[in-house]
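Student: Sequence first, predicted model second:
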Amino acid sequence: RQRRINFQLPHDLWWLHNNKQLPGRDNVPSWNYKKIRTNVYYDIKPTYMYEAQSCSCKAPETGGQGCTEDCINRVIYTECNPQLCPCKEYCSNQKIQKHEWAPGLDRFMTKDKGWGVKTKYPIKCGDFILEYVGEVVSEREFKNRMASRYQHDTHHYCLNLDGGLVIDGHRMGGDGRFVNHSCEPNCEMQKWSVNGLFRMALFALRNIEPYEELTYDYNFALFNPAEGQRCKCGSNNCRGVIGGKSQRVVINNASCAAALSSAEEKLSSVGRLRKNARKAAVGKKLPTKSSKDKETKPAAVKENIVANMSALAARLSHLTPVKPMSHQQKCFVQLHHVFMLRNLEKVKQLRERLKQAVRGGAGTTTEISTTAPPPTTPAVNQADVFLTQLNALSIPRNIRTRRLAQAQDNPEMTKTARLANIFRNLYNAVTHAKDESGDMLASPFINLPSKRKLPAYYQRVNDPIDLATIEQNIVTGVYKTVESFDQDISRIFTNNVKFYGRTTDFGISATRLRKVYNIAKLDYVAELEEILGESPPASFIPELEDPGGEEEDVIRCICGMFRDEGLMIQCERCLVWQHCDCVKADTNVEHYLCERCSPRKVDLEIPLEIVPEYATEGQKHYMTLLRGELQLRQGDTVYVLRDITNEESGTETTPPSKHTYKTIKNVKFTDCDIFKIERLWKDKKGERFAFGHHYLRPHETYHEPTRKFFPNELMRVPLYEVVPLDLIMGHCFVLDINTFCKGRPVGTDPQHIYICEYRVDKYARLFAKLAKPKVPPVCTKSYAFEKYETRLKISRTYTPHGPVKGSSVIRGRGGRNAHENEETTAPTVSTPVAAVPSSPEDDELPLARVRDTALALKRSQQKQRLNTILLRLLSRLPNKQPIDLSYLLEPGRRHRKRPALLSP
């Protein structure tokens, strides 16, 4: 048996309690956090995208404070730099970086809001109070923490910073994490730039009295306003939830419930009483009838009903709650009798019953499902229903048809139709845009080009789309989200700029349409926020500063270089930038058009303005020169024709000349040298020359047989040469590994793109890694560089002389001596050489490879002959016992002494 005994407090605890020495509520520890003074960056590095600007304030003469309210840095929420501010130590705009917080801040335990912060001294309006500090993490990292580590926390300490960054104050923070929310705050949080980094600071909104609690408006973005966190600020204008200022939730109380019940009684007393009574009687009989049917129904039918009702309950439970009505809307409803309040209550009760059915099990679901009347309306095509709803939104009508009623009864279809109506308005804004001459800008993009007439479009564009397809998707309700529509519209502009080029007529039209689309999106942000119940995705909202602005400046000069250097001028029509020295433009002219917008003849051979020091007499150096119709620039990589004799040009008296680009036919680029141009000039006779260095292919170097290369790898060699321009065959590109894996220059053939990571000496024997370039070898901006969707993954798999057989050397015991390895050494190198003439692609091999394989065969034969001579000489030594020195011929073996028992 057990006996109940009252709990007796131990004497030591009772004594502490009686003398009021036990720790009370005020000493209850909060989250186990580390107190810090400045932000700590966790998974990202701070980006200092900032250039310090000094203000124009004057240092006070009487020793007062400088940089007051009229300081230009203070106006733009930026603190002064201590080294640049003219006020020096008198500057008052450096409180955040100096941690000059308001004195007398005290943390205390509130009645029902947890910890709070109050001040012991008065604070004036606009004064800096404290800084909100913590861990600066990315949004992705913070969401992971909220879903795992902070999932069961009651209080949350976070603040949105800027650019996808969040200040997480859970594990590290300061007193700012304890400042509570209020719908009528006395403080506000401001974002300031301090030495290039954004920081959040708390400022007073009004004069704050001593021992008054500090509060600011959290202004959360609620996904579900009806189920948001309840606000306990107690102010007169309390919104009910700690949420956005436009997400007011009416607080339920007894008066509201009483008014609602009285309204229901009034409404139920009006109407046909007999019909209401009959419905009530039928409703009372239905549960009895359903209980009898439960015994006779098969198990399969029960399971089917349970599954259907569970799906229905799950769908209804995820519906977005109805936005609460304002006072003006309520007055309008009561005046015009728009709807009955009892119907709203019925929907709420049905939703709650369905939720309970899912939680309670199959029995409750079956009971509820039997009370629902069977569908009697015939099936209607969903596409027709959606189109009816879409047309009803754009064209007002007085008659409510059956299809419209069915569409309006489906909340998901109604939401999709409202989105489609906005998408159609944006589509019309794009398609109706006109240029200066009154022509439609979107006419080239209505339909895709023909595959027969323009097959290259489908080769370069991976996912083509046109405006007609987008219009069809809008009408049929394909776009369920804002992101899908925005991606398709943006894809049209991107595809056409990618194929036609940014500076062509189609590229200019696509860029102008993108501006029109971005400006039109701003008009529907508020409406989309109302439909979605949250703000639209960040990718959809353009920049508010310049929504129609250009993403980046486009440089397209006649020199063909993308250098952002020197004095430049912009074309008014296509908005491209050109170098004034190249186009010989007058910088004082009001209007300027490029050579494409205003066709005129330009000289593509651009001389250097300053004569270089290395120029000799009679030479005129150029930035670009022409070889026929091919424009060559300083820094270009080109194919150079090797010395090939032209047999047709020789006569009996004159020797034959060398081939040039004009005389040679069917040239293969694999037979050409790769050359980088560093200088271009003309001599007195007008002949054109280029100076630069060469690149070597893997088979043109001396390396180990087992060494592997990239199939398109090159090695830089310090061999400089002067080359006539008549020997240059075409352009190619030599990139570093990072740039090669990222993408390629626009309009280039992949077979003319090479990788260079190593350099060799002038004898092509020693390899050394090149320093990582500070600037990519080519322009990587979007108008000049085509990035891959996924980064390339490359590996070195190419062996110039084929796979090496028997290259692995067995070390230690059991290793073969020179006599056993003598027969296998020569085939190791000669095997791929012997196979070369018998291959069917003998004619396709480059001349350098044939020459190198012949040289390798010759060396292997010499090595074999030398080994035979050395072995014979060793056998003729006058020693008693011949010494086995064959290990000297094998680099992987070492000499081992024979045991005494085995020696003769």
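Tutor: Yes, it's here.

Student: what about residue 734, distance to residue 756?
Tutor: From residue 734 across to residue 756, the span is 5 Å (C-beta to C-beta, to the nearest Å). Using the backbone N, CA and C atoms, a C-beta is placed for each residue, glycine as well.

Student: Also residue 567?
Tutor: Noted for residue 567: a distance of 33 Å to residue 756, by C-beta to C-beta.

Student: Could you double-check that residue 65 sits in contact with residue 89?
Tutor: No. With contact defined as C-beta atoms under 8 Å, residue 65 and residue 89 do not form a contacting pair (10.5 Å).

Student: Report the separation between residue 55 and residue 199.
Tutor: Distance of residue 55 to residue 199, computed by C-beta to C-beta: 19 Å.

Student: what do you get for residue 618?
Tutor: Per C-beta to C-beta, residue 618 is found 64 Å from residue 199.

Student: got it, and residue 351?
Tutor: 45 Å.

Student: Between those two, which is the more surrounded one?
Tutor: More crowded of residue 351 and residue 199, by other C-beta atoms under 10 Å: residue 199, with 22 against 15.

Student: where does the more buried one fall, helix, sheet strand or coil?
Tutor: With DSSP: H, G, I helix; E, B strand; the rest coil as the basis, residue 199 sits in strand.

Student: Isn't it up against residue 130?
Tutor: No. Using C-beta under 8 Å, residue 199 makes no contact with residue 130, being 11.3 Å away.

Student: Buried residues in stretch 574-594, which are they?
Tutor: Neighbour-count burial for stretch 574-594, counted by 16 or more other C-beta atoms under 10 Å, picks out 574-579, 581-583, 585, 592, 594.

Student: Filter those residues down to the ones in strands?
Tutor: Judged by DSSP state E, these include 576-579 as members of strands.

Student: how about these in a markdown table, adding distance to residue 612?
Tutor: Converted to a markdown table, these look like this (distance: C-beta to C-beta, whole Å):
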| residue | distance to residue 612 |
| --- | --- |
| 576 | 29 |
| 577 | 26 |
| 578 | 23 |
| 579 | 18 |
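
Student: Out of those residues, which is nearest to residue 15?
Tutor: residue 577 (84.2 Å; C-beta to C-beta).

Student: burial of residue 137, as a residue count?
Tutor: That count, for residue 137 with other C-beta under 10 Å as the rule, works out to 23.

Student: Hmm, I typed the wrong one, I wanted residue 136.
Tutor: Other residues close to residue 136 by other C-beta under 10 Å number 22.

Student: before we move on, what about the one 5 residues further on?
Tutor: Around residue 141 sit 16 other residues, with neighbours defined as other C-beta under 10 Å.

Student: residues touching residue 554, list them.
Tutor: Residues near residue 554 by C-beta atoms under 8 Å, 6 or more residues apart in numbering: 502-503, 575-577, 781, 783.

Student: farthest-separated two in those?
Tutor: 575 and 781 (14.3 Å).

Student: partners of the top strand by length along the chain in the sheet?
Tutor: Taking DSSP E as the criterion, the chain has its longest strand at strand 713-724. The strands that strand 713-724 pairs with in its sheet are strand 688-696 (antiparallel), strand 753-760 (parallel) (by DSSP bridges).

Student: Could you check how far it is from the centre of its chain?
Tutor: Put simply, strand 713-724 sits 39 Å off its chain's centre (C-alpha atoms, centre = their mean, to the nearest Å).

Student: which parts of it are buried?
Tutor: Quick answer for strand 713-724 (16+ other C-beta under 10 Å): 713-717, 723.

Student: Now that strand - C-alpha only, PDB.
Tutor: Provided in PDB are the C-alpha atoms of strand 713-724 (Å, rounded to 0.1, in the frame of the first residue of the first chain):
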ATOM      1  CA  GLU A 713      46.200  21.700 -73.700                       C
ATOM      2  CA  LEU A 714      49.100  24.000 -74.700                       C
ATOM      3  CA  MET A 715      52.400  25.000 -73.100                       C
ATOM      4  CA  ARG A 716      53.800  28.500 -73.300                       C
ATOM      5  CA  VAL A 717      57.400  28.500 -74.500                       C
ATOM      6  CA  PRO A 718      59.700  31.500 -74.400                       C
ATOM      7  CA  LEU A 719      60.400  31.500 -78.100                       C
ATOM      8  CA  TYR A 720      59.800  35.000 -79.500                       C
ATOM      9  CA  GLU A 721      59.600  35.500 -83.300                       C
ATOM     10  CA  VAL A 722      58.600  38.100 -85.900                       C
ATOM     11  CA  VAL A 723      55.900  36.700 -88.200                       C
ATOM     12  CA  PRO A 724      54.600  38.300 -91.400                       C
END
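
Student: other SSEs contacting the helix or strand just after it?
Tutor: Using DSSP states H and E, the helix or strand that follows strand 713-724 towards the C-terminus is strand 728-735. If you count contacts as 3 or more C-beta pairs under 8 Å, 6 or more residues apart in numbering; DSSP states H and E, strand 728-735 packs onto strand 630-633, strand 637-640, strand 673-682, strand 743-745, strand 753-760.

Student: check contacts around the residue nearest to the spatial centre of the chain.
Tutor: Centroid-nearest residue in the chain: residue 539, 10.1 Å away (criterion: C-alpha atoms, centre = their mean). Applying C-beta under 8 Å, 6+ apart, we find residue 539 in contact with 483, 486.

Student: Give me the phi and psi angles of it.
Tutor: Backbone torsions of residue 539, given as degrees, to the nearest 10, read phi -70, psi -20.

Student: out of residue 567 and residue 756, which sits in the more crowded spot?
Tutor: Between residue 567 and residue 756, counting by other C-beta under 10 Å, residue 756 is the more crowded of the two (23 against 9).

Student: Could you give the bridge partners of the more buried one?
Tutor: Bridge pairing for residue 756 (DSSP bridges) gives the partners residue 714.

Student: Residue 695 is in contact with that one, correct?
Tutor: Yes. Residue 756 is in contact with residue 695 according to C-beta under 8 Å; the separation is 6.5 Å.

Student: Common neighbours of the two, please.
Tutor: In contact with both residue 756 and residue 695: 714-716, 734, using C-beta under 8 Å, 6+ apart.

Student: Turn those into TSV, including distance to residue 138 and pLDDT.
Tutor: Formatted as TSV, the shared contacts of residue 756 and residue 695 follow (distance: C-beta to C-beta, whole Å; pLDDT from 0 to 100):
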residue	distance to residue 138	pLDDT
714	39	95
715	41	94
716	39	94
734	36	95
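
Student: my read is residue 861 is in a strand, agree?
Tutor: No. With three-state DSSP as the criterion, residue 861 is helix rather than part of a strand.

Student: Can you check the pLDDT for it?
Tutor: Predicted confidence (pLDDT) at residue 861: the value is 90.

Student: From residue 32, how far off is it?
Tutor: For residue 861, the distance to residue 32 - C-beta to C-beta - is 78 Å.

Student: Check residue 481 too.
Tutor: 41 Å.

Student: Of these two, which one has the most company?
Tutor: residue 481 (14 against 7).

Student: ok, now which ones touch the more buried one?
Tutor: Counted by C-beta under 8 Å, 6+ apart, residue 481 has contacts residue 419.

Student: What of residue 503?
Tutor: Residue 503 touches 554, 556, 574, 576, 596, counting by C-beta under 8 Å, 6+ apart.

Student: ok, back up a step: kindly state which of the helices and strands packed on strand 728-735 is positioned closest to residue 459.
Tutor: strand 743-745 (14.4 Å).

Student: how distant is the closest one from the center of its chain?
Tutor: That offset, for strand 743-745, works out to 18 Å (C-alpha atoms, centre = their mean).

Student: Quick one: mean pLDDT over that strand.
Tutor: For strand 743-745, the per-residue pLDDT values average out at 91.

Student: Parallel or antiparallel, which strands does it pair with?
Tutor: In its sheet, and by DSSP bridges, strand 743-745 pairs with strand 785-787 (antiparallel).
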